[in-house]
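Student: This is a predicted model, with the sequence first.
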Amino acid sequence: MKRNPSQSRRPAVKSLWVMLLAASLMASPGITGAALAVEPAPSPTASAAPEASSPATPPASPAPSPGGATPASQEPAAVTEPPAPAPSPEAQQSMAEAVGIGGAEMGQRSARVVRSTPSESVRKLSSEALASEGTWMPTFGVQGLDVSGHQPTVDWKQQWNMGSRFAYVKATEGNYYTNPSYSSQYQGARNVGMIRGAYHFAIPNWSSGADQARYFVQNGGGWSSDGYTMPPVLDFEFNPYEGRTINGFYFGNTCYNMSAAQLQSWIRDFGNTMRSLTGRLPVIYTNTSWWNQCVGNPAGFGDYPLWIAAYPSSATNNAGPVPTASWSTYSIWQYSSTGPFAGDSNVWNGDYASLRTFAGAAAPDGSFDDLSVQRTGSTTQLNVRGWAVDFANSSASTQAHVYVTGPDGVRTGYALAANIARPDVNAALGVTGQHGFQQGIQIRKSGTYQVCAYAIGAFSNSEIGCKSIVAKGVEPPMGSIDDAKEVRSADKVALSLRGWAIDVANPSTATEAHAYLTAPDGTRTGYVMPANLSRPDVDQALGMGANHGYQRDIPITAPGTYKLCVYAIGQYSNTEIGCRQLSFAPAAAPIGSFDDASLIKTSTTAAISVRGWALDRGDSTRSIPVHVYVTSPDGTTKNYPFIASQARADVNNALGVTGNHGFAAAIPITAPGQYKVCSYAIALSPLAPGNPLLSCRSVDVGAVAPPIGSLDSLTVNKTSTSASLSLAGWAVDKADASRSIDVHIYVTSPDGTTKGYAFNASRPRADVNTAFGVTGDHGFAPSIPITSPGVYTACAYAIAPSPLASNNPLIGCRTADAGKSGAPVGVLDSVAIKTTAGVTSLEATGWTYDPDMPTLSNPVHAYVTGPDGKTTGYVFSTTVDRPDANNAFGITGTHGYSLNVKTTVRGTYTLCTYGIGVSPFTTGNTALGCRTLTY
């Protein structure tokens, strides 16, 4: 049976067309069981297209002798299942008696059935029963018949001799009727060599599809894969009891009083139950007009083989239209109910081999789920994934055969084991075992690949899908290491690398070559080399362009054996194009001598003088570096690099070389103690065994006496605007007494902060020179500004000019009190109004002073507010002696004031005076008093 190509595939048993190819497949040099993968070829089948002038297949060959297989002695054994729900025995017997000994039979609108029906209305309404069906046979396919209880006696030998090779026998109806002649009819057909099967007449409004399927299987509707048992058949057609009520049950209209959706659901219920019980989906027997009218011509039933009923009035090979939503053609055609065979006459739409295959087993099924390109290194594979189930043995793993057609048109087959767990498939199909397949198939060319997969079964094979994919960059990159050699000079060693690399997938674009060099110590370093140098020889050989060469010098830093591997880098993959091992011999170490290390010093400096020579025999004309390491008395070590570039004629004469190879330098030191000095000759070549130690020397450096000095005095100087500390003292370094040295002074303020000041002791101090018998200037007398009152401490240090002095000694600390902060004090003693010579004025007297500077007179500010509310300020000073105030506070100076302010109008006046501070540390001005007078 062919499948409608427009139908989407269901995850179940495939359409029968795949099974029809098995006859030619089994007979051809193709796949047999687990043989080498050869793509199956479909068997020819007749089409439901317009009538052909010649048979679609040769006449059926005689049936093989049943002696090759054990004949069935009875109908297939009932499958053990729970009994189907059924009416009571009384009701069942009553219904069976009511429908008669034969019950309903196939072809409810055929001429034979219509003539025997008791319903006149059915006879009149029939559009399928033509005036005369005739006794002709189609000229294609394999002939067969179907019978029921209405044909209790059949001459099976006669039917065989007439050309019938298969028979279907009615077994059951509803869940109340079994054919009393079933066993004799079923076995009789087999006894003469026919392939036979059973059918069930459905009464869908009587009970569920599952219920009637179980009843069918329990009463002869089973199936076995013996090659002589046809799949079970569901007879689904016109209601044989249309409009009748039997034993109280109303059978309904021609569609059983059910909707199309209800009938479709009933069929699936029946079919799924049959498959679970027998492993086969049933054949659906129907006719196009009723199916379209009642079932609605739905899609989704293409996995059920189709047995179509259509009765032409004259000989033809055209069965007419089929329900096109699910099928494009049929498997069996019931073309006559009036001969030539007993019961109904049928034709199998194929040859005898395909009929045997159809009887043998359900077609295998599966799915080609995915096709992808997978790359691993330089290898490219097509990754195929899917599943395959052989329903003839659904618990066992089968094979999937995959056929790959490459870009060059060459087709190659691969046999894959479908033995990977696929619980989703098991759950969907209700099977056990492992049925998934997944495998990579290596490809070597870019382009479009078409891949078709087939599920392989014991009796037939099924195509489970084809996919196409474009594979890019399949061809791996290629290249060559043309040359890998040592290049050496006195100070450089390199691996010179040359070759070419091409990305075959993209040859018009220059690619890269990556070199990986493993050093003797195991470290691995990568180098990127653009492969874009002109190589016309490569283009001439391969025709892929000239700019694919690479070249690079890789520095070598240690002797020993190296491993080099080079890879051509592609857009999709990389290819190793070669590996080499190379050995690099060590270079000779330099030679030299550390001749001397000694102390040199002045009064202000100290250094270690180093002297020697070094040369590298790899290039004795060149001056080489020398590194001198000095370890100080505190244990720290510092490196001093030099170039041995001074003339040493003695060395040249002794060794017979040219060039300058001597070194001499002074290395500053900053502390006394023992110094260790080591010198090394630095090799030019990176492959030298090392930088040899020339020698080490010790230098003892004695300490120099520290300077002396004194901080003689510390005083505070203040004015009305500033304050400072005045210091005086001296400092001398006896090692060079004629020089003035530095003095560092650290002043600690009243708030605890300390600040340092650097001065030079460069003032004349004849007393110091006389006392110590020295010359030069060694005094210091700096002034350091201060900004707050309180006690200050100043400490002075004499700074030694020699770095070898043991320390910078403290030469004295002194303290000084800078006073205290505060505001002026004082009073406004009197205010009076006086008129003298006709002039009236306000006269005020009082006193005030600044406690931080009590010897100084300080200003007085007066503010007069007149009768008009206007205030005018006046500035005066304390110019009047006030011995009473001085005696009271124990101070000196002039601190009294007498003010005179003229008035011009009468009224009330207010006069206020303020004492103004003169100390730099004053905290403000003091209100001395206010007076109010009226005149």
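Tutor: Alright, I've got the coordinates. Numbering: from 1, shown residues only.
Student: For the stretch 651-800 of the chain, which segments count as helices?
Tutor: Here the stretch 651-800 of the chain has its helices, by DSSP state H, counting those that start in this stretch, at 766-772.
Student: can you pull the pLDDT of Ala27?
Tutor: Per-residue pLDDT puts Ala27 at 30.
Student: gap between the two ends of stretch 289-305?
Tutor: Chord length of stretch 289-305, first to last residue, is 18 Å (C-alpha to C-alpha, to the nearest Å).
Student: so where's the stretch 51-200 of the chain uncertain?
Tutor: By pLDDT under 70, the weakly predicted segments of the stretch 51-200 of the chain are 51-92, 116-134.
Student: Where do the helices of it begin and end?
Tutor: Under DSSP H, counting those that start in this stretch, the stretch 51-200 of the chain gives helices at 89-99, 111-116, 120-125, 156-161, 182-191.
Student: Thr139: which of the ones you listed is closest?
Tutor: helix 156-161 (18.9 Å; C-beta to C-beta). Using the backbone N, CA and C atoms, a C-beta is placed for each residue, glycine as well.
Student: Low-confidence bits of the protein, can you list those?
Tutor: 1-92, 116-134, 361-362, 459.
Student: Select the longest helix from it.
Tutor: helix 260-278 (DSSP state H).
Student: which of the helices of the stretch 51-200 of the chain sits most buried?
Tutor: Here the criterion is mean neighbour count by mean count of other C-beta atoms under 10 Å, and of the helices of the stretch 51-200 of the chain the winner is helix 182-191, at a mean of 21.
Student: what helices or strands is it leaning on?
Tutor: helix 156-161, strand 166-173, strand 195-201 (3 or more C-beta pairs under 8 Å, 6 or more residues apart in numbering; DSSP states H and E).
Student: Can I get it as PDB, trimmed to CA atoms?
Tutor: C-alpha atoms of helix 182-191 as PDB (Å, rounded to 0.1, in the frame of the first residue of the first chain):
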ATOM      1  CA  TYR A 182     -14.900 -19.300  11.200                       C
ATOM      2  CA  SER A 183     -12.600 -22.200  12.100                       C
ATOM      3  CA  SER A 184     -13.400 -24.300   9.100                       C
ATOM      4  CA  GLN A 185     -13.200 -21.400   6.700                       C
ATOM      5  CA  TYR A 186     -10.000 -20.000   8.200                       C
ATOM      6  CA  GLN A 187      -8.300 -23.400   8.200                       C
ATOM      7  CA  GLY A 188      -9.800 -24.500   4.800                       C
ATOM      8  CA  ALA A 189      -8.200 -21.500   3.100                       C
ATOM      9  CA  ARG A 190      -4.800 -22.300   4.700                       C
ATOM     10  CA  ASN A 191      -5.000 -26.000   3.800                       C
END
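Student: what's the angle between that helix and strand 195-201?
Tutor: Interaxial angle, helix 182-191 versus strand 195-201 (axes from the mean of the first three to the mean of the last three C-alpha atoms, to 10 degrees): 150 degrees.
Student: How far off centre is helix 182-191?
Tutor: 68 Å (C-alpha atoms, centre = their mean, to the nearest Å).
Student: Same question for stretch 335-353.
Tutor: The mean C-alpha position of stretch 335-353 is separated from the chain mean by 65 Å, C-alpha atoms, centre = their mean.
Student: Give me the distance between the two termini of that stretch.
Tutor: First residue to last in stretch 335-353 (C-alpha to C-alpha) measures 22 Å.
Student: just stretch 587-606 next, same as before
Tutor: Note: stretch 587-606 ends 40 Å apart using C-alpha to C-alpha.
Student: Distance from that stretch to the middle of the chain?
Tutor: 61 Å.
Student: Please apply the same query to stretch 189-209.
Tutor: 59 Å.
Student: Stretch 331-339 too?
Tutor: 64 Å.
Student: what comes into contact with it?
Tutor: Counting contacts by C-beta atoms under 8 Å, 6 or more residues apart in numbering, the residues outside stretch 331-339 that touch it are 1, 16, 106-107, 110-113, 132-136, 138, 141, 144, 146, 283, 285, 305-312, 319, 343-350, 358.
Student: and Thr338, how many residues sit next to it?
Tutor: 18 (other C-beta atoms under 10 Å).
Student: same thing with Arg617?
Tutor: Arg617, neighbours per other C-beta under 10 Å, totals 14.
Student: What residues sit buried inside the one helix or strand Ala844 maps to?
Tutor: Ala844 is part of strand 839-849 when elements are defined by DSSP states H and E. For strand 839-849, burial by neighbour count (16 or more other C-beta atoms under 10 Å) applies to 842, 844-849.
Student: mind listing what Gly659 touches?
Tutor: With C-beta under 8 Å, 6+ apart, Gly659 has these contacts: 615, 620-623, 652.
Student: 7 Å - rerun?
Tutor: 620-623 (C-beta atoms under 7 Å, 6 or more residues apart in numbering).
Student: same check, this time on Ala494
Tutor: 487, 553-556.
Student: Return the members of these classed as buried.
Tutor: Here, 16+ other C-beta under 10 Å leaves 554, 556 buried among the contacts of Ala494.
Student: In strands, which of the contacts of Ala494 fall?
Tutor: Mapping the contacts of Ala494 onto strands (DSSP state E) picks out 487, 553-555.
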